[in-house]
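[1] give me a model of this one.
(one chain, ligands or ions: 1)
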Amino acid sequence: MARKKIIAGNWKMNMTPSEAVKLVETLKPLVANEEVDVVFCVPAIDIIPVVEAAKGTNIQVGAENMYFEEKGAYTGEISPNMLVDAGVKYVVLGHSERRGYFGETNEDVNKKILKAFEHGITPIMCCGETLTQREQGVTMDFIRQQVKVGFQGVTADQAKTAVIAYEPIWAIGTGKTATTEQAQEVCGEIRKCIAEIYDDATAAAIRIQYGGSVNSKTAADLFAQADIDGGLVGGASLKEEFGQIVNYK
Ligand SMILES: O=C(CO)COP(=O)(O)O
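    Numbers count the residues shown, from 1 in each chain. As a prediction, the model looks like this:
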């Protein structure tokens with residue numbers, strides 16, 4: 001069965017709650033497309049107003065992070081239950097900004113992925129290499145490790161529903177999109193890695209996005225690649241352009 005494309009916006013640390021509601025109102029008619037899954041991953045404080053503003057539309061709401069404990073003395077963190085109760089369906093985990101600025105390890109990401117599944121939230125696990133790693137030819141070794149550790153203890157049935165976002169760090173926020181060939185090559189390798197960990201059926205079901213300076217000009221070519229099932233979009237998800245990306249065909 002063909003995989004349904006999933007096109008997600010990652011707002012990062014942008015949009016106050018009132019700005020968020022305005023943006024949803026603007027984008028609502030533009031992102032209408034039942035053929036793809038449309039997800040807005042928004043800052044924690046925007047989740048409740050965005051869920052409310054998106055009611056009755058095809059927009060699903062995601063979080064940008066989540067903690068791996070159920071509750072308790074973890075000042076500043078957000079639990080899976082809180083997200084579920086607020087109406088969240090997806091959570092971005094292991095974004096390179098969280099790994100880079102906040103020290104998240106593959107092991108942390110793994111704990112979060114397991115917790116997300118336990119609560120019925122679909123993880124969007126990010127992976128991707130730095131420019132130095134690409135130049136050194138260790139891109140796939142690095143990503144394989146991120147995927148292997150990230151998915152430790154995840155069952156095949158869970159993995160089938162997961163989303164992996166391949167985001168080369170050198171392409172994030174730089175305006176430098178990976179070429180379609182580069183993006184397809186790595187996404188194809190990630191799918192092979194899933195086949196090795198699980199089996200062909202799991203590899204065929206899991207959705208793999210590309211992220212890194214995706215825009216309305218590059219989306220169609222990227223999303224037409226055999227192993228690219230959509231995108232994780234930063235900057236362009238905050239603009240009307242996101243409507244063109246969702247309706248890339
Ligand atoms: O990090 C990204 C999405 O998670 C990509 O961000 P940009 O689309 O702004 O490059």
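
[2] now do the worst-scoring helix or strand of the chain on mean pLDDT: which elements does it pack against?
    In the chain, no helix or strand scores lower on mean pLDDT, DSSP states H and E than helix 131-136, which sits at a mean of 95. Helices and strands touching helix 131-136, by 3 or more C-beta pairs under 8 Å, 6 or more residues apart in numbering; DSSP states H and E: there are none. C-betas here are computed from N, CA, C, even on glycine.

[3] and it, how far out from the chain middle?
    The gap between where helix 131-136 is centred and where its chain is centred comes out at 23 Å by C-alpha atoms, centre = their mean, to the nearest Å.

[4] show me what from the chain comes close to the ligand.
    Within the chain, the positions near the ligand by C-beta under 6 Å from any ligand atom are 10, 95, 167, 172-173, 211-214, 232-236.

[5] got these as JSON lines, with pLDDT and secondary structure columns?
    What follows is these, written out as JSON lines (pLDDT from 0 to 100; DSSP: H, G, I helix; E, B strand; the rest coil):
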{"residue": "Asn10", "pLDDT": "98", "secondary structure": "strand"}
{"residue": "His95", "pLDDT": "98", "secondary structure": "coil"}
{"residue": "Glu167", "pLDDT": "98", "secondary structure": "coil"}
{"residue": "Ile172", "pLDDT": "93", "secondary structure": "coil"}
{"residue": "Gly173", "pLDDT": "88", "secondary structure": "coil"}
{"residue": "Gly211", "pLDDT": "97", "secondary structure": "strand"}
{"residue": "Gly212", "pLDDT": "96", "secondary structure": "coil"}
{"residue": "Ser213", "pLDDT": "94", "secondary structure": "coil"}
{"residue": "Val214", "pLDDT": "96", "secondary structure": "coil"}
{"residue": "Leu232", "pLDDT": "98", "secondary structure": "strand"}
{"residue": "Val233", "pLDDT": "98", "secondary structure": "strand"}
{"residue": "Gly234", "pLDDT": "98", "secondary structure": "coil"}
{"residue": "Gly235", "pLDDT": "97", "secondary structure": "helix"}
{"residue": "Ala236", "pLDDT": "98", "secondary structure": "helix"}
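
[6] what subset of the residues you listed is buried?
    With burial judged by 16 or more other C-beta atoms under 10 Å, the buried subset of the residues of the chain next to the ligand is 10, 95, 167, 172, 211-214, 232-236.

[7] and the residues you listed, which two are furthest apart?
    The distance between the two most remote of those (C-beta to C-beta) is 16.4 Å, for His95 and Ala236.

[8] any idea of the pLDDT on Gly175?
    In this model, Gly175 is scored at 84, pLDDT.

[9] now for it: which residues touch it?
    Neighbour list for Gly175: Ser213 [criterion: C-beta atoms under 8 Å, 6 or more residues apart in numbering].

[10] can you check Ala201 too?
    156, 160.

[11] so for the helix or strand encompassing it, mean pLDDT?
    Using DSSP states H and E, Ala201 sits in helix 200-205. The predicted model gives helix 200-205 an average pLDDT of 98.

[12] good, wrapping up.
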